[in-house]
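Enquirer: no letters, just coordinates:
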Ligand code: S3P
């Protein structure tokens, strides 16, 4: 693995440690069966730490996802003066966050690979009115930050960034202006950054989201005592209004299981004959459940059992059994509710009969990798009939995958997990070049797959 000139010492360390990982595959074998618990939701975990660090009093968080991305957010909140500590281990771990007034950090805030962490923190730091520099790994340095910086600048924040990319310097500024913004991209990260910055602005900020995207920030702000008004527009979108200068009050958060991580386990069960897997305690907020809706349309034997409400979010135990699947057209309107699940859906589509057309995918080009390109290359190399365009991907399944090729993951955790799952039913093994990035979102991935009966080679 190459260490490029111009990297910070932290980036160099990250790249070197990742470079030690060799090729990995999951081996075709027994049916998968068992009941496992999904790891904590990544989106909710970031938000719980940030809001806990902004609130007065102690916020206790259970079920926090202890993955690299979230731990970077924990470090960043500590660097700004919040107290963030963990008591206990495993299922009994409780994270305690308390904060209030943020202080300028003495060093750049480093977010590793985490787009959610950095974009949410940009908004929160802007709202707190402190000076800070933000940075990330090579992949995060390549991702667009202008989508967050533009609305922040409209609010009166001075931000320095080359080409709208990290590193970004936010200059301390008080007297933030409230704004009315229509989101140009359906992005919960951008929406959240504006709402968090609005906490420091004078007057009412209004965000118009023409396409609904995950609403965890709005739900959690309410739990922390912030009042927001949500008004539907006439076309399926909505306006979110928030009055500035509101104080957050600590509350306790129980983080539900991550539907985006559970997706890999459910997909594995669907494609491996005679499998029957239950993933317990998964968030099934409709703004996150598009993948499961699509699987049902494909004929999957998948059900939400024991549906319940906890902390203002819907949870269920997701049971998936091996299924005979058929291709479907996935409408662009569903993209926001399953934006992270397209790579694994494309794998499932390769095991279905007929064509699965996925449209409205332009955002996949600017994720941790260009996910359209990575999925297309990996599937084609392993024998799938796959085509793509600027914002679409089409997979024509017939007899599954021949396998036999090594997939380049481009340091993208979801590409890595998707192709490991692909190899569970292929004629020949599917190898990935590097599994280390899986730790950014799903450190227990291999353990859970083994619990379900999988063998892993080369990890
Ligand atoms: C996230 C929003 C989505 C998603 C990401 C998590 C969030 O990104 O892809 O993994 O927690 O707000 P965008 O806001 O860029 O769509």
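Expert: Done, it's in. Keep in mind that what you see is a predicted model, and the values were worked out from it rather than measured. Numbering: from 1, shown residues only.
Enquirer: end-to-end on stretch 445-458?
Expert: Criterion Cα to Cα, to the nearest Å; first-to-last residue distance in stretch 445-458 is 15 Å.
Enquirer: report the buried residues of that stretch.
Expert: 445-446, 448-449, 451-454, 456 (16 or more other Cβ atoms under 10 Å). (C-beta placed from N, C-alpha, C; glycine too.)
Enquirer: max pairwise distance over those: which two?
Expert: Maximum pairwise distance in the buried residues of stretch 445-458, criterion Cβ to Cβ, is 14.5 Å, between 445 and 453.
Enquirer: low-confidence ranges in the stretch 351-459 of the chain?
Expert: Applying pLDDT under 70 to the stretch 351-459 of the chain flags no residue at all.
Enquirer: for it, which residue gets nearest to the ligand?
Expert: Residue nearest to the ligand within the stretch 351-459 of the chain (Cβ to the nearest ligand atom): residue 363, separated by 5.7 Å.
Enquirer: touching, residue 444 and residue 39? I think so.
Expert: Yes. With contacts counted by Cβ atoms under 8 Å, residue 444 reaches residue 39, the gap being 5.6 Å.
Enquirer: those two - which one has more neighbours?
Expert: Between residue 444 and residue 39, counted using other Cβ atoms under 10 Å, the more crowded position is residue 39 (25 against 18).
Enquirer: could you give the bridge partners of residue 232?
Expert: residue 238 (DSSP bridges).
Enquirer: separation between it and the ligand?
Expert: As judged by Cβ to the nearest ligand atom, to the nearest Å, residue 232 and the ligand stand 21 Å apart.
Enquirer: quick revisit: make a markdown table from the buried residues of stretch 445-458 and add distance to the ligand to it.
Expert: Shown next, in a markdown table, are the buried residues of stretch 445-458 (distance: Cβ to the nearest ligand atom, whole Å):
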| residue | distance to the ligand |
| --- | --- |
| 445 | 16 |
| 446 | 21 |
| 448 | 20 |
| 449 | 21 |
| 451 | 25 |
| 452 | 24 |
| 453 | 29 |
| 454 | 25 |
| 456 | 25 |
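Enquirer: looking at these, which is nearest residue 77?
Expert: Closest approach to residue 77 among those (Cβ to Cβ): residue 445, at 25.7 Å.
Enquirer: OK, contacts around the closest one?
Expert: Contacts for residue 445 (Cβ atoms under 8 Å, 6 or more residues apart in numbering) come out as 261, 264, 417, 438.
Enquirer: surely the third one and residue 442 touch.
Expert: Yes. The pair residue 417 and residue 442 passes the contact test of Cβ under 8 Å, sitting 6.7 Å apart.
Enquirer: common neighbours of these two, please.
Expert: Residues touching both residue 417 and residue 442 by Cβ under 8 Å, 6+ apart: residue 264.
Enquirer: who in the stretch 101-250 of the chain is up against the ligand?
Expert: 116, 187-189, 192, 214 (Cβ under 6 Å from any ligand atom).
Enquirer: give me the buried subset of the contacts of residue 445.
Expert: Here, 16+ other Cβ under 10 Å leaves 261, 264, 417, 438 buried among the contacts of residue 445.
Enquirer: in TSV: those residues, plus distance to the ligand and secondary structure.
Expert: Compiled in TSV, the buried ones among the contacts of residue 445 are given as follows (distance: Cβ to the nearest ligand atom, whole Å; DSSP: H, G, I helix; E, B strand; the rest coil):
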residue	distance to the ligand	secondary structure
261	11	helix
264	14	helix
417	13	helix
438	15	helix
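Enquirer: now the residue of the stretch 1-150 of the chain found nearest the ligand: which helix or strand?
Expert: Nearest to the ligand, among the residues of the stretch 1-150 of the chain, is residue 43, at 3.1 Å (Cβ to the nearest ligand atom). Using DSSP states H and E, residue 43 sits within helix 42-54.
Enquirer: just checking, next helix/strand downstream of that helix?
Expert: strand 58-62.
Enquirer: got the angle for that next one vs helix 42-54?
Expert: 160 degrees (axes from the mean of the first three to the mean of the last three Cα atoms, to 10 degrees).
Enquirer: start the count at 22, not 1, going forward
Expert: Sounds good: first residue 22 from here, last item strand 79-83.
Enquirer: strand 79-83: how far from the chain's middle?
Expert: Relative to its parent chain, strand 79-83 has a centroid offset of 21 Å by Cα atoms, centre = their mean, to the nearest Å.
Enquirer: okay, buried residues for that strand please.
Expert: 80-83.
Enquirer: what of stretch 349-356?
Expert: 349, 351, 355-356.
Enquirer: between the residues you listed, which is nearest the ligand?
Expert: The closest of these, once distances to the ligand are taken by Cβ to the nearest ligand atom, is residue 356, at 9.1 Å.
Enquirer: where along this structure do the helices fall?
Expert: Secondary structure of the chain (DSSP state H): helices located at 30-40, 63-75, 89-100, 136-149, 159-162, 167-175, 209-219, 237-244, 280-292, 311-318, 363-371, 392-402, 434-443, 466-472.
Enquirer: CSV for the ones you listed, including distance to residue 301?
Expert: Below are these laid out as CSV (distance: least, Cβ to Cβ, whole Å):
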stretch, distance to residue 301
helix 30-40, 31
helix 63-75, 16
helix 89-100, 20
helix 136-149, 24
helix 159-162, 32
helix 167-175, 35
helix 209-219, 25
helix 237-244, 20
helix 280-292, 9
helix 311-318, 15
helix 363-371, 19
helix 392-402, 28
helix 434-443, 19
helix 466-472, 11
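Enquirer: where among those helices is average confidence lowest?
Expert: Mean pLDDT is lowest for helix 30-40 among the helices of the chain, at a mean of 46.
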